[in-house]
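J.: from the sequence below, what's the structure:
(one chain, ligands or ions: 1)
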Amino acid sequence: MHRRTDGIVIAIDGPSGAGKSTIARLLADRLGYIQIDTGAMYRAAALLLAVAGVDLDDLVAVERFCADLNIELDVVSGRQVVRGNGVDVTDQIRTPEMSLLTSRTSTLKPVRDALLKAQQLMGRRGGVVLEGRDIGTVVFPDAEIKFFLSASVDERAKRRFEELTAKGEPVTLADTIEDVIKRDRQDSERDIAPLKQSDDAILIDSSRLSVEDVLTVMMEVCQNKIKAMESLS
Ligand code: DC
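T.: Reported below is the predicted structural model:
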């Protein structure tokens with residue numbers, strides 16, 4: 001394991017719409033850690049592949065494209081910014097179409113290999129909260145803390161629907177439920193790094209919990225672990 005000079009690695013995995021991004025951002029803020037939204041990285045990769053017109057069935061072409069792929073996460077004036085090959089793609093990657101496309105492109109081995117390497121490099125010093133689907137199982141199986149954040153399909157679809165309508169997206173609740181079910185299936189049934197709870201992850205069901213409730217539980221776990229690690233060093 002690379003020496004963690006900046007703190008511990010905290011993994012938050014779970015299905016789409018469970019509240020991972022909000023929770024990861026707040027948790028990272030409170031701990032003075034960096035948030036790494038790996039879903040945003042997969043979304044940026046999907047967008048760039050689509051814009052470049054790469055044939056997703058041609059894995060050699062996908063691999064060639066991924067060799068020069070550069071995805072950066074940044075915070076500018078308190079807002080997360082995602083750049084793909086130097087271009088700000090923050091808003092473009094958040095549409096329902098991009099969600100479904102990303103669910104597909106994230107099954108491709110060249111895409112996963114490229115982003116796995118980038119994520120391991122970004123997090124290896126510690127002091128990070130990584131959120132995604134395979135952080136505790138594949139990216140950082142040695143993470144000091146692993147959470148698996150889940151919620152019922154109805155609750156997750158309701159949250160996503162409210163988020164999209166607030167942005168003026170013309171969606172229906174029925175369509176959103178269908179999308180959530182479809183993405184769950186694609187994310188958990190793929191061959192490489194499927195969405196799966198790690199055996200040593202702490203399961204939190206957020207269906208009936210507020211953001212603050214979830215944070216309280218997580219902060220306690222994190223502070224205890226950080227204190228225990230500090231007393232060892
Ligand atoms: O968390 P999100 O909804 O922004 O993720 C978008 C897609 O990316 C999702 O369908 C699954 C995929 N993803 C993945 O395969 N592995 C990750 N570590 C993070 C996201």
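J.: got phi/psi on the residue nearest the centre of the chain?
T.: Centrality entry for the chain: nearest residue to the mean C-alpha point is Gly132, 2.8 Å, by CA atoms, centre = their mean. Dihedral pair for Gly132: phi 180, psi -140, per degrees, to the nearest 10.
J.: against Ser16, how distant is it?
T.: Distance from Gly132 to Ser16, counting by CB to CB, to the nearest Å: 11 Å. (C-beta placed from N, C-alpha, C; glycine too.)
J.: what's the overlap in contacts for those two?
T.: When CB atoms under 8 Å, 6 or more residues apart in numbering defines a contact, the residues bordering Gly132 and Ser16 alike are Gly39.
J.: what's around Glu155, how many residues?
T.: 18 (other CB atoms under 10 Å).
J.: name the next helix or strand downstream of the helix or strand hosting it, please.
T.: Assigned by DSSP states H and E, Glu155 falls within helix 153-166. Once the chain leaves helix 153-166, the next helix or strand it forms, by DSSP H and E, is helix 173-189.
J.: quick one: that following helix to helix 153-166, angle?
T.: With axes from the mean of the first three to the mean of the last three CA atoms, to 10 degrees defining the directions, helix 173-189 sits at 120 degrees from helix 153-166.
J.: right, and the helix or strand after helix 173-189?
T.: strand 202-205.
J.: please work out which residues outside that following strand touch it.
T.: With CB under 8 Å, 6+ apart, strand 202-205 has contacts from 145-151, 197, 214, 217-218, 221.
J.: how about the residues of the chain near the ligand?
T.: 16, 38-39, 42-43, 102-103, 106, 132-134, 183, 187 (CB under 6 Å from any ligand atom).
J.: keeping just the C-alphas, turn the longest helix along the chain into CSV.
T.: Secondary structure of the chain per DSSP state H: the longest helix is helix 211-232. Listed next in CSV are the C-alpha coordinates belonging to helix 211-232 (Å, rounded to 0.1, in the frame of the first residue of the first chain):
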residue,chain,number,x,y,z
VAL,A,211,-28.8,14.0,4.9
GLU,A,212,-27.8,15.3,8.4
ASP,A,213,-28.7,11.9,9.9
VAL,A,214,-26.5,10.0,7.5
LEU,A,215,-23.7,12.5,8.0
THR,A,216,-23.9,12.1,11.8
VAL,A,217,-23.4,8.3,11.5
MET,A,218,-20.6,8.6,9.0
MET,A,219,-18.8,11.4,10.9
GLU,A,220,-18.7,9.3,14.1
VAL,A,221,-17.2,6.3,12.3
CYS,A,222,-14.6,8.5,10.6
GLN,A,223,-13.6,10.5,13.6
ASN,A,224,-13.2,7.2,15.7
LYS,A,225,-11.1,5.7,12.9
ILE,A,226,-8.9,8.8,12.4
LYS,A,227,-8.3,9.1,16.2
ALA,A,228,-7.4,5.4,16.4
MET,A,229,-5.0,5.8,13.4
GLU,A,230,-3.4,8.9,15.0
SER,A,231,-2.9,7.1,18.3
LEU,A,232,-1.0,4.3,16.5
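J.: quick one: stretch 4-12 to chain centroid distance?
T.: 16 Å (CA atoms, centre = their mean, to the nearest Å).
J.: report the rounded mean pLDDT for it.
T.: The pLDDT scores in stretch 4-12 average 94.
J.: distance between the ends of that stretch?
T.: Stretch 4-12 has an end-to-end distance of 18 Å (criterion: CA to CA, to the nearest Å).
J.: buried ones in that stretch?
T.: 4, 7-12 (16 or more other CB atoms under 10 Å).
J.: how many residues are close by Val221?
T.: 14.
J.: contacting residues around it?
T.: Contacts of Val221 by CB under 8 Å, 6+ apart are 145, 147, 202.
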